[in-house]
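Would you be able to build a 3D model of this:
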Amino acid sequence: MTGLDAYFCLDPHTKQVIGVNYGAFRPRDPQPHFAGPAWFVNSSLDQFIASVRAITARFPYDTVSLKVSKRLSIDEWDLSDDDWNELFREHDQAADDLTEVLGRIDPAAVVDQDGFWTGFVADVQMGNYATRYYLRPAER
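Below is the predicted model of the structure:
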């Protein structure tokens, strides 16, 4: 799964990894169905596995977000201006690194600006995968 109703699948004809939306989307109709067309993720299962390993190996995508006080809630930040600038720089660097490594694994996976991996990289760059969101306070 890659969301509430989105799934990674292996296309039996092309051997590509694709994404599909599948679920009960119609009001008062519990019967699940496919919604919209499938989208490309990777050229092969091996490239998908290598891509997942690469993004996992690159984590954490920043160190600055761990400077936020542990007493604050997950959505509160108390960084200095310099820390914010460094955080943005780290997220930009992580996005560049991920684009490079994903492109080496499967060039087709980073060509489409609306593709799965380009969307993931954009989320990293925006800070959606800031380290503090994924490490419990005891691990920070």
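
Break down this protein into its strands, ranges please.
Taking DSSP state E to define them, one finds strands in the chain at 6-10, 17-23, 33-34, 39-42.

Now do the contacts for Leu4.
Gly23 (CB atoms under 8 Å, 6 or more residues apart in numbering). For the C-beta atoms, the positions are set from N, CA and C on the backbone; glycine is no exception.

so what's Val110 closest to, chain neighbours aside?
Nearest residue to Val110, sequence neighbours excluded (CB to CB, 6 or more residues apart in numbering): Gly103, at 4.7 Å.

no no, Thr118
That would be Val110: by CB to CB, 6+ apart, it lies 5.8 Å from Thr118.

my guess is that neighbour contacts Trp117, does it?
Yes: using CB atoms under 8 Å, Val110 is in contact with Trp117, at 5.6 Å.

what touches both of those two?
Overlap of the contact sets of Val110 and Trp117 (by CB under 8 Å, 6+ apart) consists of Leu102.

ok, now which ones touch the residue nearest the centre of the chain?
Central residue of the chain (CA atoms, centre = their mean): Phe120, 3.4 Å from the mean position. With contact set as CB under 8 Å, 6+ apart, Phe120 has these partners: 55, 98.

All further residue positions should be reported with the first residue as 727.
Sure thing, new numbering starts at 727, so read that last one as Phe846.

Could you check how far it is from Glu816?
From Phe846 over to Glu816 the distance is 17 Å, taken as CB to CB, to the nearest Å.

For the residue lying farthest from the centre of the chain, give me the pLDDT.
Most distant from the centre of the chain: Arg754, at 32.0 Å, with distances by CA atoms, centre = their mean. Per-residue confidence (pLDDT) for Arg754: 77.

Arg862 too?
Confidence at Arg862, expressed as pLDDT, is 61.

Report all helices and strands that the longest helix along the chain contacts.
Longest helix of the chain, by residue count under DSSP state H: helix 807-831. In terms of contacts (3 or more CB pairs under 8 Å, 6 or more residues apart in numbering; DSSP states H and E), helix 807-831 is packed against helix 771-784, helix 842-852.
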